[in-house]
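Student: predicted model and sequence follow; I will ask about them next.
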Amino acid sequence: MFKIQKSKTLLAAGLLTMASAANAGYTFDLSDDDKLTFGGYIKVDARYTDGDVSPTDYWYGSGSPTAEGGTSNFGIAVNETRFNTKYVHGDVTGFIEMDFYGDAVSGGGNEIVSNSSNPRLRHAFIQYKSILVGQTWTTFQNTSSLAEAADFGGPLNASAFIRQGQIRYTNGGLQLSLENPHSDKGDSSQDSIPDFIAKYTFKGDWGNVSVSGLARQLNTVGGSTESALGFGIAGRIKTIGKDDFRFQVHGGNTGRYVGVVAARDLVGEKAEKTTSFMMAYRHFWTDDMRSTVFYGSTDADLADTKRNHVAVNLFKDITKQLSFGAELGNFEMDELDRDSTYFQLSAKYVL
């Protein structure tokens, strides 16, 4: 007979979280070498947006200007809800995770009747000792530096944030990977060389800091190639008590690797050059109540755009699994002199 236990550890060494909360799960001990874990969470968001950038479920680095006078919008959604499964057999780990931010155009429901949401693959990878193959967070990214936020991902406009297919090697703090190439705003059908990423993470009782480098070949619509090099420095530093400071700084031709679509890989026949930074400070008022204030900004050189996102929030743990949160923030498209303010309430139940 197998044994069932409630796991309180982070699943897959931090790959499964976007914020600070662990994805607890139910673990089935199938044998001495075999374990099966189910985890994830249910999240409900109520969001009010007002301004002259069209409302979205979350701010992803860009937006559409509204008509003169702006717009106000209120909605309730559960799309961030996710489910994951991890299977461990000795030195081999398999992991898969899905949420419900799938493309609504290809079969999702509508707000008239069902509000159905399509499932979307987030992670699917196999890890054997120091080798990982499959889809998960890019090696360029430091997941521990992401801000805790009610808005999905917080200041995504200035954060390294990509999940994609890759082959990764890990040796202590060093990670090297070959990852899926894609020439954003170029001719991706000609992408024949994988993206190469190297990262080294320094860790201690004080927290961690990672230094990463990115090298790519981009293919333009006009048939030429552009070399693209980028760098990143990111980390999470412990401060006073349980408080921490999180940060990311990126520069060079980072393109789609940072800010989601705050900057593109190519502008015409040239590789875009960007400067991005984000910072977040999390303070614990009590053991079960905390706040984060964060700010992120990305400047794109050729496109001459600047995107800013600032917010402050408050989270309260009702039980070890159930928490409620509120967040007030603003997203700005500086080059268009457009911005929208949002207020979001969230309820989250971790499995």
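Tutor: Thanks, I have it.
Student: got the CA positions of whatever helix or strand Gly232 lives in in CSV?
Tutor: Using DSSP states H and E, Gly232 maps to strand 225-238. The C-alpha trace of strand 225-238 is given here as CSV (Å, rounded to 0.1, in the frame of the first residue of the first chain):
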residue,chain,number,x,y,z
THR,A,225,20.9,38.1,-39.5
GLU,A,226,21.6,40.2,-36.4
SER,A,227,23.7,39.1,-33.4
ALA,A,228,22.0,39.7,-30.1
LEU,A,229,23.8,39.8,-26.7
GLY,A,230,22.2,40.6,-23.4
PHE,A,231,22.9,40.4,-19.7
GLY,A,232,21.0,40.2,-16.4
ILE,A,233,21.7,40.6,-12.7
ALA,A,234,18.9,39.6,-10.3
GLY,A,235,18.5,38.5,-6.8
ARG,A,236,16.6,38.3,-3.5
ILE,A,237,18.4,39.7,-0.4
LYS,A,238,17.2,39.1,3.1
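Student: pull up the pairing partners for whatever helix or strand Val249 lives in, direction included.
Tutor: According to DSSP H and E, Val249 maps onto strand 244-252. Using DSSP bridges, strand 244-252 pairs in its sheet with strand 225-238 (antiparallel), strand 274-286 (antiparallel).
Student: distance between the strand holding Gly232 and the chain's centre?
Tutor: Put simply, strand 225-238 sits 15 Å off its chain's centre (C-alpha atoms, centre = their mean, to the nearest Å).
Student: buried stuff in it?
Tutor: Buried residues in strand 225-238, counted by 16 or more other C-beta atoms under 10 Å: 225-226, 228, 230, 232-236. In this view, the C-beta of every residue, glycine as well, is placed from N, C-alpha and C.
Student: could you provide the strands paired with strand 244-252 in a markdown table, with additional columns for distance to Met333?
Tutor: A markdown table is the format used below for the strands paired with strand 244-252 (distance: least, C-beta to C-beta, whole Å):
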| stretch | distance to Met333 |
| --- | --- |
| strand 225-238 | 23 |
| strand 274-286 | 15 |
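Student: wait, which of those strands is closest to Ser116?
Tutor: strand 274-286 (33.5 Å; C-beta to C-beta).
Student: just after that closest one, pick out the following helix or strand.
Tutor: strand 289-300.
Student: quick one: strands adjacent to that following strand?
Tutor: When DSSP bridges is applied, strand 289-300 pairs with strand 274-286 (antiparallel), strand 305-317 (antiparallel).
Student: could you point out the longest strand of the chain?
Tutor: Secondary structure of the chain per DSSP state E: the longest strand is strand 34-51.
Student: can you name every helix or strand that it contacts?
Tutor: Using 3 or more C-beta pairs under 8 Å, 6 or more residues apart in numbering; DSSP states H and E, the elements in contact with strand 34-51 are strand 25-29, strand 71-77, strand 82-89, strand 338-350.
Student: check for me that Asn157 belongs to a helix.
Tutor: Yes: the assignment for Asn157 is a helix, going by DSSP: H, G, I helix; E, B strand; the rest coil.
Student: double-check it against Val261; I have them as touching.
Tutor: No: with contacts counted by C-beta atoms under 8 Å, Asn157 stays clear of Val261, the gap being 9.0 Å.
Student: so what sits against both of these two?
Tutor: Listed as contacting both Asn157 and Val261 by C-beta atoms under 8 Å, 6 or more residues apart in numbering are 60-62.
Student: ok so, going back, looking at the strands paired with strand 244-252, which is nearest to Thr93?
Tutor: The closest of the strands paired with strand 244-252 to Thr93 is strand 225-238. By C-beta to C-beta, the value is 23.7 Å.
Student: what's the average pLDDT for the closest one?
Tutor: Mean pLDDT, strand 225-238: 98.
Student: re earlier: in CSV: the strands paired with strand 289-300, plus mean pLDDT and distance to Ser117.
Tutor: Below are those laid out as CSV (pLDDT from 0 to 100; distance: least, C-beta to C-beta, whole Å):
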stretch, mean pLDDT, distance to Ser117
strand 274-286, 98, 28
strand 305-317, 98, 24
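Student: chain neighbours aside, what residue packs nearest to Gln321?
Tutor: Val350 (4.8 Å; C-beta to C-beta, 6 or more residues apart in numbering).
Student: do Asp91 as well
Tutor: Lys129 (5.3 Å).
Student: do the same with Phe74
Tutor: Residue nearest to Phe74 in three dimensions, not counting chain neighbours: Tyr48, with 4.9 Å by C-beta to C-beta, 6+ apart.
Student: the one you found: what's it in contact with?
Tutor: Taking C-beta under 8 Å, 6+ apart as the test, what Tyr48 contacts is 72-74, 342-344.
Student: ok, so of those, who is nearest Lys270?
Tutor: Out of those, the member with the shortest distance to Lys270 (by C-beta to C-beta) is Tyr342, at 34.1 Å.
Student: alright, that wraps it up for me.
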